[in-house]
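Novice: I would like the atomic coordinates for the input below:
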Amino acid sequence: MEELYRKLERLTVNSDDPLMVAGVMMAQALKIYKIMLSEEEFRLLTDHISQSAEHIETEPQPGPSIH
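Specialist: Numbers count the residues shown, from 1 in each chain. Take a look at the predicted model:
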């Protein structure tokens with residue numbers, strides 16, 4: 001998962017249009033959730049995302065350390 005996260009991060013940073021990359025990732029995530037979750041679970045998830053949008057961290061966070 002860490003490798004995938006870093007690849008996606010590089011795509012966003014190195015892109016001429018990071019909003020387009022984010023849009024594609026968001027669309028894919030919602031599609032996967034819609035397929036894998038029940039209608040009720042999907043509704044709860046999307047409601048939670050909508051309600052917690054103001055609390056999303058925008059400052060760089062320290063990544064995991066390897067010991």
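
Novice: which phi and psi does D17 have?
Specialist: phi -140, psi 80 (degrees, to the nearest 10).

Novice: so how far is whichever strand or helix holds V24 from its chain's centroid?
Specialist: Assigned by DSSP states H and E, V24 falls within helix 18-36. A distance of 8 Å separates the centroid of the chain from that of helix 18-36, by C-alpha atoms, centre = their mean, to the nearest Å.

Novice: What helices and strands are in contact with that helix?
Specialist: The helices and strands touching helix 18-36, judged by 3 or more C-beta pairs under 8 Å, 6 or more residues apart in numbering; DSSP states H and E, are helix 2-13, helix 39-51. To be clear about C-beta, it is placed using only N, CA and C from the backbone, and glycine gets the same treatment.

Novice: Can I get those in CSV including mean neighbour count?
Specialist: Converted to CSV, the helices and strands packed on helix 18-36 look like this (neighbours: other C-beta atoms under 10 Å):
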stretch, mean neighbour count
helix 2-13, 11
helix 39-51, 11
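
Novice: Indicate which one of these is closest to L19.
Specialist: helix 2-13 (9.3 Å; C-beta to C-beta).

Novice: Where does pLDDT dip in the protein?
Specialist: Judged by pLDDT under 70, the chain has its weakly predicted residues at 60-67.

Novice: what's the burial count for D16?
Specialist: Neighbour count of D16, defined by other C-beta atoms under 10 Å: 6.

Novice: helix/strand/coil for it?
Specialist: Assigned by DSSP: H, G, I helix; E, B strand; the rest coil, the conformation of D16 is coil.

Novice: Look up how far E57 lies from it.
Specialist: Using C-beta to C-beta, to the nearest Å, we find D16 at a distance of 25 Å from E57.

Novice: does M25 really touch L8, like I thought?
Specialist: Yes - the criterion here is C-beta atoms under 8 Å, and M25 meets it with L8 at 6.5 Å.

Novice: Tabulate the helices and strands packed on helix 18-36 (a markdown table), appending distance to K31.
Specialist: As requested, the helices and strands packed on helix 18-36 are arranged in a markdown table below (distance: least, C-beta to C-beta, whole Å):
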| stretch | distance to K31 |
| --- | --- |
| helix 2-13 | 16 |
| helix 39-51 | 11 |
